[in-house]
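In: the following block contains a protein sequence and its predicted model.
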Amino acid sequence: MNSNNEIKLKQLKENYENALKELSEFIESGKTYKDMTIPDFKEQVRLFWERSDLWKQALEQGIYSKEKLDEDFKLLKMHAKRLLL
């Protein structure tokens, strides 16, 4: 049972790291909603919620320090701003 929990935490950590990498790439691209087609915008909104959920799970599971999660939350806020500005 314990190893099953370890596998889930490892998968969460991998998913979280991949999501943050993709988020950083999006932010570095400088795109805003004005640069996107409607399907691209919808996909970015879906990804925003997916990434937010991963952040919440990481917080609840305590897999990262509060400082790291605070820094990562700033990226999520920046993503939201890009979708609104």
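Out: Received, thanks. Just so you know, these numbers come straight off a predicted model, no measurement behind them. Numbers count the residues shown, from 1 in each chain.
In: all helices for the protein, in order.
Out: 2-29, 38-61, 66-84 (DSSP state H).
In: would CSV of those helices with mean neighbour count be doable?
Out: Quick note: C-beta positions are derived from backbone N, CA and C, even for glycine. Below are those laid out as CSV (neighbours: other CB atoms under 10 Å):
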stretch, mean neighbour count
helix 2-29, 13
helix 38-61, 14
helix 66-84, 14
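In: make a markdown table out of the ones you listed and add mean pLDDT.
Out: Shown next, in a markdown table, are the helices of the chain (pLDDT from 0 to 100):
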| stretch | mean pLDDT |
| --- | --- |
| helix 2-29 | 92 |
| helix 38-61 | 95 |
| helix 66-84 | 93 |
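In: need the residue closest to the centroid of this protein.
Out: Central residue of the chain (CA atoms, centre = their mean): Arg51, 2.9 Å from the mean position.
In: residues in contact with the nearest residue to that one once chain neighbours are set aside?
Out: Distance criterion CB to CB, 6 or more residues apart in numbering; nearest residue to Arg51, sequence neighbours excluded, is Ala19 at 4.7 Å. Listed by CB atoms under 8 Å, 6 or more residues apart in numbering, the contact set of Ala19 reads Leu47, Glu50, Arg51, Leu54.
In: cutoff 10 Å now
Out: Contacts for Ala19 (CB atoms under 10 Å, 6 or more residues apart in numbering) come out as Leu47, Glu50, Arg51, Ser52, Asp53, Leu54, Trp55, Ala58, Asp72, Leu75, Leu76.
In: cool, Glu22 as well?
Out: Leu47, Arg51 are the contacts of Glu22 under CB under 10 Å, 6+ apart.
In: look up how far Glu28 lies from it.
Out: Note on Glu22: its distance to Glu28, by CB to CB, to the nearest Å, is 11 Å.
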